[in-house]
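J.: need the 3D shape of this:
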Amino acid sequence: MDDNNGRTEGSDSDNSDNLLEVRDILNVTRILRSRRRRNHPRPQHNIGLRGHEYIIGILNGHPRNCKDMFQLEVRTFRALCEALRNHNLLRDSIREVTVEEVVGMFCLLVGHGSVHRVVGDRFQHSIETINKYVRRVIKALCEVGRHLIVPTHRDSVHPYISTNCRNYPWFKGCIGAMDGTMMKAVVPAELREAYRNRLGRVSQNVLAIVDFDMKFIFIYTGWEGSAHDARVLHHAASDSQARFPWPPEERTFGVIKERFKIFEVMPGYSVGWQGLIITSCCALRNFIRTVTPDDWIFENSSRFQLPPIELEDGDWTSSSHNIDMTTEASHAMAAIRDEIVISMWEARDGN
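T.: Okay, here's the model as predicted:
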């Protein structure tokens with residue numbers, strides 16, 4: 001009996017020692033795993049090509065890839081990057097984020113309405129990095145817009161008018177077509193009703209003037225969707241900073257909305273930044289029309305140069321004009337319109 005008790009006690013002691021050893025091993029394993037995770041964090045952006053490698057692959061690959069991803073021809077994309085770099089509007093960063101890469105981020109964002117997370121995954125950067133560089137491109141293109149979104153043919157009649165007997169001489173003073181459009185907006189809840197338009201959609205009312213080359217010569221953003229077009233026009237013409245131009249049509253808005261899908265899914269920037277996005281896209285649109293007149297067919301290989309900003313007294317930058325919104329002025333404008341219509345009708349046979 002004593003021998004059996006002794007063997008039982010010895011067996012219990014061995015089991016206890018084994019349990020202690022197993023517990024010690026588990027604790028050591030847990031500590032090693034914790035140290036491994038702490039000392040060697042798993043990178044999040046380690047899938048596929050890095051941003052700069054991806055850009056090189058796109059620009060040196062099939063030409064269709066650049067058009068599909070960035071909504072630009074390869075040569076137009078390169079010309080845009082060269083213009084932004086040469087005019088010190090963008091520069092390569094010390095962390096090897098090139099101008100081509102940040103322009104690609106912006107084009108992917110506005111061209112497809114992609115969210116920052118998708119753009120970050122494509123370029124293998126954090127959301128914070130994407131947001132920082134996209135804002136820089138927006139500011140750079142808005143600066144370009146100061147040179148490109150300006151009236152053309154101010155000293156002469158546009159060929160579209162002068163060479164068309166149906167337009168000349170009745171519209172010899174016309175510099176373009178003016179129209180407004182509703183762009184989707186993201187605003188705080190307390191401002192949502194003010195930005196809700198007559199269709200019940202939250203948007204901002206954008207006023208623009210387009211010349212006969214389908215280039216924007218004036219853009220005015222930031223007004224609530226509930227604002228009447230006449231009120232937006234009156235404020236634009238009265239704003240000394242807006243540079244309202246004094247002296248083809250809705251399809252231009254259709255083209256820019258078709259190219260830049262971001263207008264259908266506007267990201268959650270502040271209202272001011274949303275307006276800058278619209279302005280930057282209009283500036284980019286003018287750049288494309290300047291460098292690639294036929295859009296996807298690059299024919300003009302001449303190097304693009306930013307024209308200087310000309311500010312002359314008494315020209316289109318003057319803010320001394322006032323729009324007369326009275327009933328008498330409306331009747332007077334209707335009389336002028338009717339007079340033009342009658343004159344055009346009488347000259348319909350070329351007399």
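J.: where does this protein dip in pLDDT?
T.: Low-confidence segments of the chain (pLDDT under 70): 1-22, 24, 28, 34-48, 154-155, 237-238, 240-258, 294-331, 333, 349-351.
J.: let's go with 50 and repeat that
T.: Judged by pLDDT under 50, the chain has its weakly predicted residues at 1, 7, 248-251, 296-304, 309-321.
J.: that one: strands as residue ranges?
T.: With strands called from DSSP state E, the chain shows them at 177-184, 203-210, 216-224.
J.: who does the second one pair up with?
T.: Strand 203-210 sits in its sheet next to strand 177-184 (antiparallel), strand 216-224 (antiparallel), going by DSSP bridges.
J.: hey, which of these is tucked in deepest?
T.: When you average the neighbours per residue for each of the strands paired with strand 203-210 (mean count of other CB atoms under 10 Å), strand 216-224 leads with a mean of 22. Glycine gets a C-beta too; all of them are placed from N, C-alpha and C.
J.: just the CA atoms of that one, as CSV, please.
T.: Taking C-alpha atoms only, strand 216-224 is exported to CSV below (Å, rounded to 0.1, in the frame of the first residue of the first chain):
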residue,chain,number,x,y,z
PHE,A,216,-13.9,77.9,-70.4
ILE,A,217,-13.3,81.6,-70.2
PHE,A,218,-15.0,82.2,-66.9
ILE,A,219,-16.0,80.0,-64.0
TYR,A,220,-17.8,81.0,-60.8
THR,A,221,-18.4,78.4,-58.1
GLY,A,222,-19.5,78.1,-54.5
TRP,A,223,-23.2,79.2,-54.6
GLU,A,224,-25.9,77.1,-53.0
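J.: state the distance from the closest residue to Leu207 other than its chain neighbours to Gln204.
T.: Using CB to CB, 6 or more residues apart in numbering and skipping the chain neighbours, the partner closest in space to Leu207 is Tyr220 (4.2 Å). With distances taken as CB to CB, to the nearest Å, Tyr220 is found 10 Å from Gln204.
J.: ok so, going back, indicate which one of the strands paired with strand 203-210 is closest to Leu276.
T.: Ranking these by their distance to Leu276 (criterion: CB to CB) puts strand 216-224 first, at 8.0 Å.
J.: from the chain's centre, how far out does that closest one sit?
T.: Averaging C-alpha positions (CA atoms, centre = their mean, to the nearest Å) puts strand 216-224 14 Å from its chain's average.
J.: give me the nearest residue to Gly104, chain neighbours excluded.
T.: Ile55 (5.2 Å).
J.: dump the residue contacts of that neighbour.
T.: 98, 100-101, 104 (CB atoms under 8 Å, 6 or more residues apart in numbering).
J.: let's go with 6 Å and repeat that
T.: 100-101, 104 (CB atoms under 6 Å, 6 or more residues apart in numbering).
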